[in-house]
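S.K.: sequence and predicted structure, then a few things I'm wondering about:
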Amino acid sequence: MAKNVGILAVDIYFPPTFVQQEALEAHDGASKGKYTIGLGQDCMAFCTEVEDVISMSLTAVTSLLDKYNIDPKQIGRLEVGSETVIDKSKSIKTFLMQIFEKFGNTDIEGVDSTNACYGGTAALFNCVNWVESSSWDGRYGLVVCTDSAVYAEGPARPTGGAAAIAILVGPDAPIAFESKFRGSHMSHAYDFYKPNLASEYPVVDGKLSQTCYLMALDSCYKHFCAKYEKFEGKQFSISDAEYFVFHSPYNKLVQKSFARLVFNDFVRNASSIDETAKEKLAPFSNLSGDESYQNRDLEKVSQQVAKPLYDAKVKPTTLIPKQVGNMYTASLYAAFASLLHSKHTELAGKRVTLFSYGSGLTATMFSLRLHEGQHPFSLSNIASVMNVAGKLKARHELPPEKFVDIMKLMEHRYGAKDFVTSKDCSLLASGTYYLTEVDSLYRRFYAQKAVGNTVENGLLANGH
Ligand SMILES: CC(C)(COP(=O)(O)OP(=O)(O)OC[C@H]1O[C@@H](n2cnc3c(N)ncnc32)[C@H](O)[C@@H]1OP(=O)(O)O)[C@@H](O)C(=O)NCCC(=O)NCCS
């Protein structure tokens, strides 16, 4: 059986176009600080009319194969997580097969997984389980999380974003799954869903989704701790993981979530809670579960108590989600990519705990153990390939008016046929895929911006 199965390599793509949350606040007539402090977000990336979940995933997969020098014939399973519906039958995975067919590889299992923001985690578990199983044929698994998060005008709109992330799975990984330590919570809720198939926008009950998220977190943590105690024979507390990574619809919810884990540890009388924290949280010890979700004082006090630990254990995971926004299935893994980016030199030997949540609802808390690994599958090489700082720096800020215009055009184009795009790829980096046309039979066509052309101030530098 394969050992230390997990993540060998990662690459991330997000659109180069974004809007500042501060500018959006002013444009929307929201009070100053509502999006930046209230939601905790800095910027929001979005696809223009030449990008979508398929083009972003084509870009992410091609880039990963190229930068880690992976022979496309060496991929034996390809799984996609997405909640952005382009086609009710044809999977995004089949679009990605264009990359592999060219090399004569059509022997690739796997299709798409969908349940709100959880589909990527389901896809990742499928790949890890495959490599650990008797059906494994010795080749790599590849997971792609790709989503464009867009909302109708209103309070949820600033919690959008877009990205694709590609994750290579195999044995002897620098980022290995501790598969025994997993706790899930799945139930039926109408917190966020997409029943209107003529629209890309979800129906969302924002407040309910926040409570569902926190209830699922509590339940997963309980199951996770029980599994840990069963296999390790001792209590788990937040001191037992170096970092905690959360699915991040907006940063404020991540702050609340970590505070909730601290409160859980307090209720469980875990060793991570010192005397001062115990005193501060004592007035809330008799609240029922339901009361505790609605209690604003508890929310405030637990966030204060958790702040130093949040800064140490969570803040290094927040860069990309704050800069790009909610990326749905890619959001958790973009938070993990932020950790690799900012702390890759210190992660060897450390445990990282992740919490995946998808409305509707499905959630799992799981655990990874990190090692430096060997080139090209090393933590330092993953950080260097992802080039997060470089990609963030190369972006182009657009004004909110332009963002709104693009949203209107995309509403019109959603589910439409018989159109060609502007094919304007001047803002895209070389090697990026873009949508050129949807024909009269709804068939979608993509092109790749030539490698070698560099973008400078929105103009191609090689004379085009
Ligand atoms: C998150 C969401 C519910 C916020 O909606 P809203 O109507 O703007 O909510 P609020 O008015 O409560 O404001 C949000 C926060 O900003 C704070 N705020 C408001 N104005 C502010 C200001 N000027 N300065 C600082 N903070 C401000 C509020 O106090 C609130 O903070 P709190 O959560 O700590 O109480 C909405 O954006 C949404 O539905 N998003 C999508 C749903 C989602 O992603 N769910 C997650 C599950 S996956």
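M.R.: Arrived safely, thanks for sending.
S.K.: can you give me the strands in the stretch 251-400 of the chain?
M.R.: Along the stretch 251-400 of the chain, the segments classed as strands by DSSP state E, counting those that start in this stretch run 351-358, 362-370, 373-374, 377-378, 396-397.
S.K.: what is the burial count for whatever residue of the stretch 351-464 of the chain ends up closest to the ligand?
M.R.: Per CB to the nearest ligand atom, residue 359 is where the stretch 351-464 of the chain lies closest to the ligand, at 5.3 Å. Placement of C-beta: from N, CA and C, glycine included. Residue 359 has 27 neighbours, counted by other CB atoms under 10 Å.
S.K.: quick revisit: highest average neighbour count across the strands of the stretch 251-400 of the chain?
M.R.: Across the strands of the stretch 251-400 of the chain, the average number of neighbours (mean count of other CB atoms under 10 Å) peaks for strand 351-358, which reaches a mean of 25.
S.K.: packing partners of that one?
M.R.: For strand 351-358, the elements it packs on are helix 119-132, helix 206-232, strand 243-246, helix 331-343, strand 362-370, judged by 3 or more CB pairs under 8 Å, 6 or more residues apart in numbering; DSSP states H and E.
S.K.: if we go to 6 Å?
M.R.: strand 243-246, strand 362-370 (3 or more CB pairs under 6 Å, 6 or more residues apart in numbering; DSSP states H and E).
S.K.: can you tell me the average pLDDT over that strand?
M.R.: When pLDDT is averaged over strand 351-358, the result is 98.
S.K.: next one: that strand to chain centre, how far?
M.R.: How far strand 351-358 lies from its chain's middle: 11 Å, per CA atoms, centre = their mean, to the nearest Å.
S.K.: ok, stretch 315-324 next?
M.R.: Distance of stretch 315-324 from the chain centroid (CA atoms, centre = their mean) equals 11 Å.
S.K.: cool, and stretch 33-46?
M.R.: The chain centre lies 17 Å from the centre of stretch 33-46; the measure is CA atoms, centre = their mean.
S.K.: and it, what's buried?
M.R.: Using 16 or more other CB atoms under 10 Å as the test for burial, stretch 33-46 gives 35-36, 38-46.
S.K.: got it, and stretch 263-276?
M.R.: Those would be 263-266, 268, 270, 272-273, for stretch 263-276 by 16+ other CB under 10 Å.
S.K.: what about the stretch 301-450 of the chain, any weak spots by pLDDT?
M.R.: Judged by pLDDT under 70, the stretch 301-450 of the chain has no weakly predicted residues.
S.K.: turn the buried residues of stretch 33-46 into JSON lines, including distance to the ligand, secondary structure and pLDDT.
M.R.: Formatted as JSON lines, these follow (distance: CB to the nearest ligand atom, whole Å; DSSP: H, G, I helix; E, B strand; the rest coil; pLDDT from 0 to 100):
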{"residue": "35", "distance to the ligand": "8", "secondary structure": "helix", "pLDDT": "98"}
{"residue": "36", "distance to the ligand": "8", "secondary structure": "helix", "pLDDT": "98"}
{"residue": "38", "distance to the ligand": "2", "secondary structure": "helix", "pLDDT": "98"}
{"residue": "39", "distance to the ligand": "6", "secondary structure": "coil", "pLDDT": "98"}
{"residue": "40", "distance to the ligand": "9", "secondary structure": "coil", "pLDDT": "98"}
{"residue": "41", "distance to the ligand": "10", "secondary structure": "coil", "pLDDT": "98"}
{"residue": "42", "distance to the ligand": "14", "secondary structure": "coil", "pLDDT": "98"}
{"residue": "43", "distance to the ligand": "16", "secondary structure": "strand", "pLDDT": "98"}
{"residue": "44", "distance to the ligand": "12", "secondary structure": "strand", "pLDDT": "98"}
{"residue": "45", "distance to the ligand": "16", "secondary structure": "strand", "pLDDT": "98"}
{"residue": "46", "distance to the ligand": "15", "secondary structure": "coil", "pLDDT": "98"}
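S.K.: out of these, flag the one nearest to residue 120.
M.R.: Comparing the buried residues of stretch 33-46 against residue 120 with CB to CB places residue 45 closest, at 17.1 Å.
S.K.: quick one on the thing from earlier: dump the helices and strands packed on strand 351-358 to a markdown table, plus distance to the ligand.
M.R.: As requested, the helices and strands packed on strand 351-358 are exported to a markdown table (distance: least, CB to the nearest ligand atom, whole Å):
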| stretch | distance to the ligand |
| --- | --- |
| strand 243-246 | 10 |
| strand 362-370 | 10 |
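S.K.: quick one on the thing from earlier: which one is the residue of the stretch 351-464 of the chain closest to the ligand nearest to, not counting chain neighbours?
M.R.: residue 192 (3.5 Å; CB to CB, 6 or more residues apart in numbering).
S.K.: just give me the neighbour total for the one you found.
M.R.: 23.
S.K.: circling back to that earlier point, may I see the buried residues of stretch 263-276 organised as a markdown table, with pLDDT and distance to residue 145 added?
M.R.: Formatted as a markdown table, those follow (pLDDT from 0 to 100; distance: CB to CB, whole Å):
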| residue | pLDDT | distance to residue 145 |
| --- | --- | --- |
| 263 | 98 | 30 |
| 264 | 97 | 27 |
| 265 | 98 | 30 |
| 266 | 97 | 33 |
| 268 | 95 | 32 |
| 270 | 94 | 32 |
| 272 | 94 | 31 |
| 273 | 96 | 34 |
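S.K.: what residue lies at the spatial centre of the protein?
M.R.: Central residue of the chain (CA atoms, centre = their mean): residue 331, 1.7 Å from the mean position.
S.K.: would you turn the buried residues of stretch 33-46 into JSON lines with distance to residue 355?
M.R.: Listed next are the buried residues of stretch 33-46 as JSON lines, based on distance: CB to CB, whole Å:
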{"residue": "35", "distance to residue 355": "23"}
{"residue": "36", "distance to residue 355": "24"}
{"residue": "38", "distance to residue 355": "22"}
{"residue": "39", "distance to residue 355": "19"}
{"residue": "40", "distance to residue 355": "17"}
{"residue": "41", "distance to residue 355": "19"}
{"residue": "42", "distance to residue 355": "22"}
{"residue": "43", "distance to residue 355": "23"}
{"residue": "44", "distance to residue 355": "22"}
{"residue": "45", "distance to residue 355": "23"}
{"residue": "46", "distance to residue 355": "26"}
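S.K.: show me what contacts residue 192?
M.R.: Each residue near residue 192 by CB atoms under 6 Å, 6 or more residues apart in numbering is listed here: 202, 204, 209, 359.
S.K.: any idea which of those residues is closest to the ligand?
M.R.: residue 209 (3.7 Å).
S.K.: now that closest one: closest residue in space, sequence neighbours ignored.
M.R.: residue 191 (3.8 Å).
S.K.: how much space between that neighbour and the ligand?
M.R.: 7 Å (CB to the nearest ligand atom, to the nearest Å).
S.K.: secondary structure class of residue 417, three-state.
M.R.: Secondary structure state of residue 417, per DSSP: H, G, I helix; E, B strand; the rest coil, is coil.
S.K.: burial count for the nearest residue to it once chain neighbours are set aside?
M.R.: Closest residue to residue 417 apart from its sequence neighbours, by CB to CB, 6+ apart: residue 442 at 4.7 Å. Residue 442 has 13 neighbours, counted by other CB under 10 Å.
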